[in-house]
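Dropping the sequence and predicted coords here.
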Amino acid sequence: MNVKAQAVMAANHGLITRPQALDCGLSSADIRHLLSTGGLVRVRRGVYADPDVWTSLDVHVGRPRLQTRAALATMRRGWVASHDSAAHELALEILNPPEPHVHITRPGSTGAWTKFGVKHHLARFGEHQVVEVNGLRVLDMARTAVDIAREHGTPYGEIACDSAMRHGVSRAALEAAVDPMLFWPYSRRARAAVAFADPGAETVLETLGRILVAALGVGEVDTQFPLALEDGRVVWGDIRVGRHIFEAHGKVKYLSIAQGGLADKEAAEVVWAEKKRERLIHRQMMGTSSILFEDYWNPDRALVLARMREEYDDTVARFGAQLPEHLSRNAAELRRRYGASGRRGA
């Protein structure tokens, strides 16, 4: 690899196209040799990556982002990154579908086709919906969220819309993005996701949990419910209905930071702190139970919902169905006092 080619890759996120490599003085034989010996990684036909850059990227976001740039590097028309590909650039937390693609869109009559791992979309959008992120033109958060909802349905759309609202996108902006799609394919999916959206669902798992709780049909679902405990702490319940709090528990809570998790102490200490927290919540005459990631994907959905309903009914039998007036007042005061930042600081 010569210096000119290295400079091109350094300026282009580790990528170089075949024409660029040839312009830098590499021959076809040089390129073949570099590919066979690991000096280059083929990202797609005619686009190669620095192997050190490629191996440093995670498979869920980093590599898809580079694949999007590789696809656009070979496009001659005015394509922009969209759907999942735009979400990765915009740092929207989404759930990757089982068969992910690079998604790009340009103006035209509504339609789509897939070729070589890239899904090409023809759809109308305004120039005001295009933003530049890290040197890449992408559709904005509101449009991206509703596009994902149309493309993938539940729960991908709900997760994307919740994430967009957490980033500050208003429901009105989501509605404005979906309004022109009245007669587009699967627009009802997008409208349903927008109507369901709630910025209080802070993670993918919390959105999945909220979908399950809503399916119980036992009452209004409230997210991030603040509760003052006897020891002076304020805790925030993930999902509340009446006097029952459903907590969304992911494995990352128990893995150390070095393992890619969130725990800053031993797993046993994390679990023990949770048990003490639950006891204090029960002292407030509130019930609790857990929702795990695999609960949503359990093929026996009826069994999962029956278990959740039993846990909710047990709380009703012990404490009643209605939230006491004093807890409702306290929650309103705590929300005024701490605002959106209070949840993360608790």
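All right, it came through fine.

what helix or strand is R335 on?
Assigned by DSSP states H and E, R335 belongs to helix 325-345.

Quick check: A267 vs I257, distance?
When distance is defined by C-beta to C-beta, to the nearest Å, A267 is 12 Å away from I257. For every residue, glycine as well, the C-beta is placed using N, CA and C.

In terms of packing, which of those two has more residues around it?
Just comparing A267 and I257: by other C-beta atoms under 10 Å the higher neighbour count belongs to A267, 15 against 10.

mind listing the helices for the stretch 151-300 of the chain?
Secondary structure of the stretch 151-300 of the chain by DSSP state H, counting those that start in this stretch: the helices cover 156-166, 171-178, 187-196, 204-216, 267-283, 293-297.

Name the stretch among those helices that sits most buried.
helix 156-166 (a mean of 28; mean count of other C-beta atoms under 10 Å).

Off-centre distance for it?
Distance of helix 156-166 from the chain centroid (C-alpha atoms, centre = their mean, to the nearest Å) equals 7 Å.

What is that helix packed up against?
Other helices and strands packing on helix 156-166, by 3 or more C-beta pairs under 8 Å, 6 or more residues apart in numbering; DSSP states H and E, are helix 141-152, helix 171-178, helix 187-196, helix 204-216.

Could the C-alpha coordinates of it be exported in PDB?
Provided in PDB are the C-alpha atoms of helix 156-166 (Å, rounded to 0.1, in the frame of the first residue of the first chain):
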ATOM      1  CA  TYR A 156     -38.900  -1.800  15.200                       C
ATOM      2  CA  GLY A 157     -41.000   1.200  14.500                       C
ATOM      3  CA  GLU A 158     -42.000   1.800  18.100                       C
ATOM      4  CA  ILE A 159     -38.300   1.500  19.200                       C
ATOM      5  CA  ALA A 160     -37.200   4.000  16.600                       C
ATOM      6  CA  CYS A 161     -40.000   6.500  17.400                       C
ATOM      7  CA  ASP A 162     -39.300   6.200  21.200                       C
ATOM      8  CA  SER A 163     -35.600   6.800  20.500                       C
ATOM      9  CA  ALA A 164     -36.300   9.800  18.300                       C
ATOM     10  CA  MET A 165     -38.400  11.400  21.100                       C
ATOM     11  CA  ARG A 166     -35.600  10.700  23.600                       C
END
